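**Student:** Give me the fold of what follows.
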Amino acid sequence: MRNRLIGFIICLAVLGLCVFIFFNLFEIVEHTKLLPPSKEAQRNEYLALDRWLLSEGINVEIKNTGNIDVFRNAAEKIIFVRTSYIKWDDEIISFFNEWVQNGGRLILSLDFFYFDMDNPLFVYLDNLGIYFSYDPDEIRYNYLYDENSPTFGRGYNFSAPADTALVLYDADDLIRFVEIKKGSGKITVTGRPRFMTNFNIIEEPNARLCWHLFSGADSVLFIRGGDISEGLMGGFFRRGNFLIIIIAALFLTIIGFWSVIPVFGVVRDSGVPKGKTLADRFLAEGNFYMKNNSLHVYRLVYLREIKRKMTIKNIQYTPDIPNDPLIKKNFLNTVKNLKTEMEQL
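**Tutor:** Purely as a prediction, here's the structure:
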């Protein structure tokens, strides 16, 4: 009874010590868990814009590429085009020129990484008085942040005619957005539309610019290609884990050879059949010689070899008295007895 009481007191003291340590060394704090974007958001960098337009009653039509038949059959009054997804020709330029004159709104996002100045699109922009130059800073995308300016793509900067309806500058005082009126419609030209993407549209200047472009429409046609979401392995390699994966695979292989094979053995067939035991081989050899009337030869050879080995063994175990007569006499008696037994077979 006394031992149980002492044990209970010790347990209670240990528990009290643990509680004391816990409340003095540990602190419970709120933790915010950041969840990765959904697969749909990874595939479509304009998903937030699409959902916003749909919530405002503006229908969204998306196509990967466009051609003259797509544009002729389109009922939308606003067409947004990533220019590299269209093969521009004089027929398409002629259609858009007339379509804008009749009240259409064309939004062109220049995203060529290389271009030919003979491209009909560039000739058309020159005729409108919209001149541009390629900005290599698109690769680095490090520019002065201006909370009052939309997030423009850095690929192109423009020179616009004096009668332009709207011109927007970035923090470097370069023109990144040009809008002109033509007939009853409008033509808008900008670089890559970063202000429309999921992570940027939440900023107020970006949202205002998007609403300026799409408000008042019943539907919008987007020609912007199809983005492919990044898989698991792509995420690993993009984060520089390639070397870690190789080292981990090598480590697991070594562990397998070191711990698994000694326990379960090598998983392969040696190709060598298992032989008979020594007693079976001895009996088989004796039967073979006896059938051929040669057992006495086998016996003589066997006795001579046994005698030689036993003599060597006897001498090795008695190095101090190798010529002791008593040991030799005992050995000879052993051989005689063995011979007698063999003769009785």
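
**Student:** Show me what the mean pLDDT comes to for stretch 194-202.
**Tutor:** Regarding stretch 194-202, the rounded mean pLDDT is 91.

**Student:** ok, residues contacting that stretch?
**Tutor:** Residues from elsewhere that reach stretch 194-202 (CB atoms under 8 Å, 6 or more residues apart in numbering): 37, 41, 45-49, 52, 150-153, 203, 205-207, 209-210. (Each C-beta comes from the backbone N, C-alpha and C, glycine too.)

**Student:** Buried by neighbour count, from the residues you listed: which ones?
**Tutor:** Among the contacts of stretch 194-202, those buried by neighbour count (16 or more other CB atoms under 10 Å) are 45-49, 52, 150-153, 205-207, 209-210.

**Student:** how about low-confidence regions in the stretch 101-250 of the chain?
**Tutor:** The stretch 101-250 of the chain contains residues with pLDDT under 70 at 113-115, 135-146, 226-243.

**Student:** repeat that for 90
**Tutor:** Across the stretch 101-250 of the chain, the ranges flagged by pLDDT under 90 are 110-119, 122-123, 125-166, 169-175, 191-192, 199, 215-217, 224-250.

**Student:** just the strands in it please.
**Tutor:** Taking DSSP state E, counting those that start in this stretch as the test, the strands found in the stretch 101-250 of the chain are 105-109, 131-134, 156-159, 166-169, 175-182, 185-190, 219-223.

**Student:** export those strands to a markdown table and tack on mean neighbour count?
**Tutor:** Formatted as a markdown table, the strands of the stretch 101-250 of the chain follow (neighbours: other CB atoms under 10 Å):
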| stretch | mean neighbour count |
| --- | --- |
| strand 105-109 | 21 |
| strand 131-134 | 15 |
| strand 156-159 | 20 |
| strand 166-169 | 15 |
| strand 175-182 | 20 |
| strand 185-190 | 21 |
| strand 219-223 | 21 |
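
**Student:** mind checking which helix or strand Asp69 is in?
**Tutor:** helix 68-73 (DSSP states H and E).

**Student:** Closest to Leu295 out of the buried ones among the contacts of stretch 194-202?
**Tutor:** Checking the buried ones among the contacts of stretch 194-202 against Leu295 with CB to CB, the nearest one is Glu45 at 94.8 Å.

**Student:** Neighbours of the closest residue to that closest one other than its chain neighbours, how many?
**Tutor:** Leaving out its chain neighbours, the residue that sits closest to Glu45 by CB to CB, 6 or more residues apart in numbering is Thr197, at 4.8 Å. Neighbourhood size, Thr197 [other CB atoms under 10 Å]: 18.

**Student:** how close does Thr197 sit to Glu179?
**Tutor:** Distance of Thr197 to Glu179, given as CB to CB, to the nearest Å: 20 Å.

**Student:** any chance you could map the helices in the stretch 1-150 of the chain?
**Tutor:** Per DSSP state H, counting those that start in this stretch, the stretch 1-150 of the chain carries helices over the ranges 2-25, 39-43, 47-55, 68-73, 90-101, 120-128.

**Student:** Quickly list the domain ranges of this structure.
**Tutor:** 39-223, 234-264, 278-343 (automatic domain parsing).

**Student:** which of those is buried the deepest?
**Tutor:** domain 39-223 (a mean of 16; mean count of other CB atoms under 10 Å).

**Student:** I'd guessed Gly183 sits against Gln101; true?
**Tutor:** Yes. Counting by CB atoms under 8 Å, Gly183 touches Gln101, with 3.4 Å between them.

**Student:** gap between Ile247 and Thr253?
**Tutor:** Relative to Thr253, and taking CB to CB, Ile247 is found at 11 Å.

**Student:** quick one: contacts for the closest residue in space to Asp90 that isn't next to it in sequence?
**Tutor:** Nearest residue to Asp90 in three dimensions, chain neighbours excluded: Pro120, at 5.5 Å (CB to CB, 6+ apart). If you count contacts by CB under 8 Å, 6+ apart, Pro120 has them with 88-90, 92-93.
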